[in-house]
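Visitor: pasting the structure only:
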């Protein structure tokens, strides 16, 4: 790894982030790179940053709605500019919720339909319509990645959904053993089994499952490593 | 000056909390109960010097307290 | 600020004195009763104070001398527990015990009860229980890496059980999930003994560097005492211990309220505390847990042999017009008391601000060993610190322990033999349940360490990769478990308590790990009842005997007494938590079968098993004269070494200790979660009369192990039987003479615990 690569991926830390350490650990173990940490009170994304991760957690306690308070923090204004310039952003779990609340991704995440937190292994399929670098790199396989959330029930109105579909923005769907997005494989009531989506330009991706946890066979699955790798490649190829 | 903001899910979005409460109450024998809608009520105290307090309250409600994707709100002065 | 406080502390003599309590009439007797201080204790109190106490002073003594803080009924017995061993770094008496895992990598761990608050308000009670035990661990400087919980509810059909169960589980889950600590193992059961007294015991394990274990003192005269965290409200002040005349009528609606947990505040407090300790910014630090500001300030001062001057006017308050009494005894959550040198105050402030924590200087360290507490210019508390702890009451309460006679119960065994096997198996599955609905609500893999979680149904196992561990230990694991069979303890309080230690020992062994040390949470009834006190003494002796034999010292613990409703005490429930060391998590095996294999049954030679306190007896709703499984430490240790070797040599693919419900239930559960079936023998059967007896009898030192190759074990104290081949894609399963369709059992597993 060159020194520029070493510092090229940033991770935004909110006071209630609790999956930040897991991301740091996974990137170190999988790719031997140190993530550049950005505290939520900072106003600028350093110029050398090529990709940003918003980790899971409960950003500011999530007492209004998940991700809502974080969406208006100083750093998120800079993240928006970063994304508008075409920067690569990966939001995981609470990070996905923050991206939706910040309007960097369409839709929102409602409480799970069973009104309970749900933690379990899921199987993700990749939709075939998309043209984003994510779709291209990940298509044709399914990925075992765990979820752990209370508000992961993706919602968007009909018009919004049509647009998502027509532009190929749906990336991951919760699926069964056969790769089908069926009712029984839907863990939280999410629309069309949606687990992850990308932005129109394909460079901002949000997903409820935790790829950083599926980073070793010992931890139950290493399928998340491939997802993190695509993010790295997307960010660094810019 | 106090303002009240009430936020609730849009009618087309399933209110899982409301549904669960309704079903639980029905199970207790209150069969006359047809539906329950859960709302969140915020009371905002606005400083005296603010020029257009109603506009401020509306802005705060629209941008922060409610998520327009799935929620609506009403605001009024108390 | 410091100068001002010094000046204030030097002018104490000129302050107005708060009124002393009246020592006359019924009101006085009622006052003492409310504060749970008896006449003898009051005499000692007066010699310590040198006069009649003020109301806040009485409250302070009441709290510090409470069973919870002083262990006054149990301490003389707790001293008999083994607490030392080569890997013990910190034993009992600190916020948590600490054992060495590898090199400088140590584990701080402890278990605590939150039974009563959880019965009153299950969601908040359970949540704040988790919060409290997390703070005990992180205030030593350890970063929490795993939570466990032990839950006991009344019968499933009891009208309150559903509500209590749903909310306790949600409370435990929401709090741990938000702070970001995985819940990796636990135990739950439903029994009528808990109809009026549920148990919520929470355990936390944290990692810490051996040279950085923090034991804080309020040292250094004129160092600042800093209040950190959420503002103080009237939460958790023991309503009954408050004098009614201390309230004005306007306040009476605002009496003690339920403690409310704020996991986000806890997360901030966790990060700030660990940073403060890592950077050495404080000399003292103590969680405001039970008895809040009182216990934290007295403990911190007592350890240093110093006094404190505290001005309660500076304490951040959430409610209006709070009295000194209330501020001292509130149990508002997510608060810490810190002691800082003035030169480091700037840096400490910067850190606390960054973590968005409210804070305030509320006093300073003084010479002379007295606690001076002032509010509104009135001297409310003026007592010596040392004697209050040293002269805390210790009771050798009278106890009676009736040795029961146990015998083989032929009546019970014939009754059991007549029931259809599949009915029994079904009931056993229903009773013990599948915990999916519970653990799905707990984040069990945050932290990237969980090798074996609740889904694997045995002990939890975490991968402890750390720079602090010895070279070559990069795949070292921490195994954790908590359990206690209350039926064994009801039948035989001594052996039952020892079996609680053994149950955890076996769960940890079954992963391939070596058990290291124990924490306990002794849940019992009213110690003033000699029969209950007898159970306590027997229980502590039983734990001691097992821990000595297994070389797993007790390094921390908690006692919860008075679990009594309407004069009826709960069954003795000495909940045990245990940690162990796994040499290589890559070889670890789960308690459920994930691939086809031959199943073997390991048990002590010639062990016939027994039914005292058995699940079978509970299902038949029958009492029995039989003893609980007899202790056999030689067999336990041989089983442990055998399984540890098999795991390290990669000879087995799963191992499960056999507990309640005997071999039949364990076998069914081991195979079910991945849908295995097959035909299995029942060794020793001679016909239908002993089918159920052999299948459901409970043993010590008993395991099921699964191997892909033939096992030929050289055993002295144990015997090993091959039961059969577990195969995938089966529609039926058979054991001995019984055959049943697997679909029924699968359906049961889906419906269970949705009470």
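Guide: Perfect, thanks for sending it. Being a predicted model, the structure only gives us computed values, none of them experimental. Numbering: from 1, shown residues only, chains lettered A, B, ... in the order given.
Visitor: so how far is stretch C:166-173 from its chain's centroid?
Guide: Remark: stretch C:166-173 is offset 16 Å from the chain centroid, using CA atoms, centre = their mean, to the nearest Å.
Visitor: pLDDT averaged over that stretch - what is it?
Guide: Stretch C:166-173 carries an average pLDDT of 96.
Visitor: What of stretch C:644-659?
Guide: 97.
Visitor: And that stretch, what's buried?
Guide: If you call a residue buried by 16 or more other CB atoms under 10 Å in any protein chain shown, then stretch C:644-659 has these buried ones: C:644, C:646-647, C:651-659. Using the backbone N, CA and C atoms, a C-beta is placed for each residue, glycine as well.
Visitor: Between which two of these is the distance greatest?
Guide: C:651 and C:659 (23.3 Å; CB to CB).
Visitor: residues contacting the nearest residue to residue C:644 once chain neighbours are set aside?
Guide: Spatially, and ignoring its direct neighbours in sequence, residue C:644 is nearest to residue C:512 (5.8 Å; CB to CB, 6 or more residues apart in numbering or on different chains). Neighbouring residues of residue C:512 by CB atoms under 8 Å, 6 or more residues apart in numbering or on different chains: C:582-583, C:587-589, C:643-644, C:646-648, C:655.
Visitor: Chain A: which of these is nearest?
Guide: residue C:588 (8.8 Å; CB to the nearest CB).
Visitor: wouldn't that closest one be in contact with residue C:509 here?
Guide: No: using CB atoms under 8 Å, residue C:588 makes no contact with residue C:509, being 11.7 Å away.
Visitor: neighbour-wise, which of the two wins?
Guide: residue C:509 (31 against 25; other CB atoms under 10 Å in any protein chain shown).
Visitor: Confirm that that one sits in a strand.
Guide: No: under DSSP: H, G, I helix; E, B strand; the rest coil, residue C:509 falls outside any strand and is assigned helix.
Visitor: The residue lying closest to it once chain neighbours are set aside and chain B, how far apart?
Guide: Distances taken as CB to CB, 6+ apart place residue C:640 nearest to residue C:509, at 4.5 Å, with adjacent residues excluded. Separation of residue C:640 from chain B (CB to the nearest CB, to the nearest Å): 47 Å.
Visitor: Now do the SS call for residue C:640.
Guide: helix.
Visitor: who touches it in this structure?
Guide: Neighbours of residue C:640 in contact, by CB under 8 Å, 6+ apart: C:505, C:509, C:514-515.
Visitor: let's see it at 10 Å
Guide: Taking CB atoms under 10 Å, 6 or more residues apart in numbering or on different chains, we find residue C:640 in contact with C:505-506, C:508-510, C:513-515, C:550, C:580, C:701, C:703.
Visitor: Between the residues you listed, which sits nearest chain A?
Guide: Using CB to the nearest CB, those come closest to chain A at residue C:513, 15.1 Å.
Visitor: Ramachandran coordinates for the closest one?
Guide: phi -90, psi 170 (degrees, to the nearest 10).
Visitor: per-residue pLDDT, it?
Guide: pLDDT recorded at residue C:513 is 98.
Visitor: Counting neighbours, what do you get for residue 60?
Guide: All of this is about chain A. So residue A:60, with other CB under 10 Å, has 21 neighbours.
Visitor: look at chain B instead
Guide: Counted with other CB under 10 Å, residue B:60 comes out at 18.
Visitor: same check, this time on the one 4 residues further on
Guide: By other CB under 10 Å, 17 other residues sit near residue B:64.
Visitor: dump the residue contacts of the most far-flung residue of chain B relative to its centre.
Guide: Among the C-alpha atoms of chain B, the one most distant from their mean position (CA atoms, centre = their mean) is that of residue B:29, at 27.7 Å. Taking CB under 10 Å, 6+ apart, we find residue B:29 in contact with no residue.
Visitor: tell me the SS of it?
Guide: Assigned with three-state DSSP, residue B:29 falls in the coil class.
Visitor: Any figure for the gap between the residue nearest to residue C:644 and residue B:24?
Guide: 46 Å (CB to CB, to the nearest Å).
Visitor: Within the helices and strands, which one has residue C:734?
Guide: strand C:732-735 (DSSP states H and E).
Visitor: Next up, the contacts around residue 18.
Guide: Looking at chain A here, since you left the chain open. A:55-59, A:93-94, C:177-181, C:263, C:267, C:270-271, C:443, C:446-447.
Visitor: not what I meant, chain B
Guide: B:8-9, B:35-39.
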